[in-house]
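1. my questions are about this predicted structure, shown below with the sequence.
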Amino acid sequence: MVSNDQRRRQLAREKFLRQQQRRESARRKARTRNTVIASALAVVVVAGAGAFAAGAFDGKEKKDSAASKPSASPSKAADPCKKPAAGKVKSLSWKKEPALTVDKAADYTMNLATTCGDIGVDLKTKEAPHTVNSFDFLAGKGFFDHTKCHRLTTNGIYVLQCGDPKGTGAGGPGYTIPDENLKDKSLKGNVYPAGTIAMANTGQKHTGGSQFFLVYQDSQLPPSYTPFGTISDSGMKVLKKIAAAGESTGQGDGAPNATVVIDKATVKKS
């Protein structure tokens, strides 16, 4: 007999996949619309290739089961974070993935200096070289600076999603990167363990862009999202502080109540 908890997780995963499909459909329509406008105005329009994370993370979906009903009112917790640093998001886009220049044999770390505290990450360069290389490139260009972490999930799947310059879940760098490291030894029983940082995608293969998610509590997901690093202990404390403030809808899936902005992202070779 399926337990309530198992059923809830199953519904969360199904929700994830439906949202990915809707996201991809919406992006195709947007690209078509932009192409028509561009032709009329003789302007080149570069479509962003930003993918969304982990299937179940697109927040516009129908309430089609008892499990999707609000279980609590939106959290009223005080914002635990500081005001963002002065500056604005850069409008950047590229047509293709950057050349692979990272040293696969070397160790790399990433630091996300956020309004809520620093989140350090040990990157898995050997296992996910294209992903680490892309983050090294984008961070060096200031792509992530001043961007909001636009999504927090607190029911069934426990992640903070970031990396979208638009802050809507639809932005990206203009290119995609291949899936990597999907057989990582840390992914046991289709669970992304707490402390994992992984790529978002559209639900299709090799559609990762710049969006990523940070797992603050074990989350059951299919192994379809490139795990490319491990979050530091101090970074986990920051994530849990953000999660404790709740999300805006009260349904377990929405914008974080905390003002989570990446003031500066840096990648360094150890």
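-> Alright, I've got the coordinates.

2. other SSEs contacting the lengthiest strand in the chain?
-> Secondary structure of the chain per DSSP state E: the longest strand is strand 261-269. Strand 261-269 makes packing contacts with strand 108-114, helix 129-140, strand 147-148 when contacts are defined by 3 or more CB pairs under 8 Å, 6 or more residues apart in numbering; DSSP states H and E. Bear in mind the C-beta positions are built from the backbone N, C-alpha and C, glycine included.

3. all strands for the stretch 51-200 of the chain, in order.
-> For the stretch 51-200 of the chain, the strands defined by DSSP state E, counting those that start in this stretch cover 108-114, 117-123, 147-148, 151-153, 159-162, 191-192, 196-199.

4. mind putting those into CSV with distance to residue 130 and mean pLDDT?
-> As requested, those are exported to CSV (distance: least, CB to CB, whole Å; pLDDT from 0 to 100):
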stretch, distance to residue 130, mean pLDDT
strand 108-114, 13, 98
strand 117-123, 12, 98
strand 147-148, 21, 98
strand 151-153, 24, 98
strand 159-162, 19, 98
strand 191-192, 19, 98
strand 196-199, 10, 98
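
5. which one of those lies closest to residue 256?
-> Ranking those by proximity to residue 256 (CB to CB) places strand 151-153 first, at 3.9 Å.

6. ok so, going back, please identify the most buried of the helices and strands packed on strand 261-269.
-> Across those, averaging neighbours per residue (mean count of other CB atoms under 10 Å) puts strand 147-148 on top, at a mean of 24.

7. low-confidence stretches in the chain?
-> Scanning the chain with the threshold set as pLDDT under 70 gives 1-10, 12-77.

8. distance of the residue nearest the centre of it from residue 149?
-> Residue closest to the average C-alpha location in the chain (CA atoms, centre = their mean): residue 212, at 2.7 Å. For residue 212, the distance to residue 149 equals 10 Å [CB to CB, to the nearest Å].

9. overlap in contacts, the two.
-> Residues touching both residue 212 and residue 149 by CB atoms under 8 Å, 6 or more residues apart in numbering: 161-162.

10. circling back to that earlier point, buried sites along the longest strand of the chain?
-> In terms of neighbour count (16 or more other CB atoms under 10 Å), strand 261-269 has its buried residues at 261-265, 267.

11. and those residues as TSV, adding distance to residue 241?
-> As requested, the buried residues of strand 261-269 are exported to TSV (distance: CB to CB, whole Å):
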residue	distance to residue 241
261	14
262	15
263	16
264	19
265	19
267	24
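
12. now, the most widely separated pair of these?
-> Using CB to CB, the buried residues of strand 261-269 reach their maximum pairwise distance at 261 and 267, which is 18.5 Å.

13. the residue nearest to the centre of the chain touches residue 200, doesn't it?
-> Yes: between residue 212 and residue 200 there is a contact under CB atoms under 8 Å: 5.9 Å.

14. show the contacting residues for the closest residue to residue 216 other than its chain neighbours.
-> Spatial nearest neighbour of residue 216, excluding adjacent residues (CB to CB, 6 or more residues apart in numbering): residue 239 at 4.0 Å. With contacts defined as CB under 8 Å, 6+ apart, residue 239 is in contact with 119, 160, 214, 216, 231.

15. name the helix or strand for residue 239, please.
-> Using DSSP states H and E, residue 239 sits in helix 233-244.

16. quick one: that helix to chain centroid distance?
-> Centre-to-centre, helix 233-244 and its host chain are 16 Å apart (CA atoms, centre = their mean, to the nearest Å).

17. for it, C-alpha coordinates in CSV please.
-> Backbone C-alpha positions of helix 233-244 (Å, rounded to 0.1, in the frame of the first residue of the first chain) are rendered in CSV as follows:
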residue,chain,number,x,y,z
ASP,A,233,28.7,23.5,5.7
SER,A,234,28.6,27.3,6.1
GLY,A,235,26.7,27.5,2.8
MET,A,236,24.1,25.0,4.0
LYS,A,237,23.5,27.2,7.1
VAL,A,238,22.7,30.0,4.7
LEU,A,239,20.3,27.9,2.7
LYS,A,240,18.5,26.6,5.7
LYS,A,241,18.1,30.2,6.9
ILE,A,242,16.5,31.1,3.6
ALA,A,243,14.3,28.0,3.7
ALA,A,244,13.1,28.8,7.2
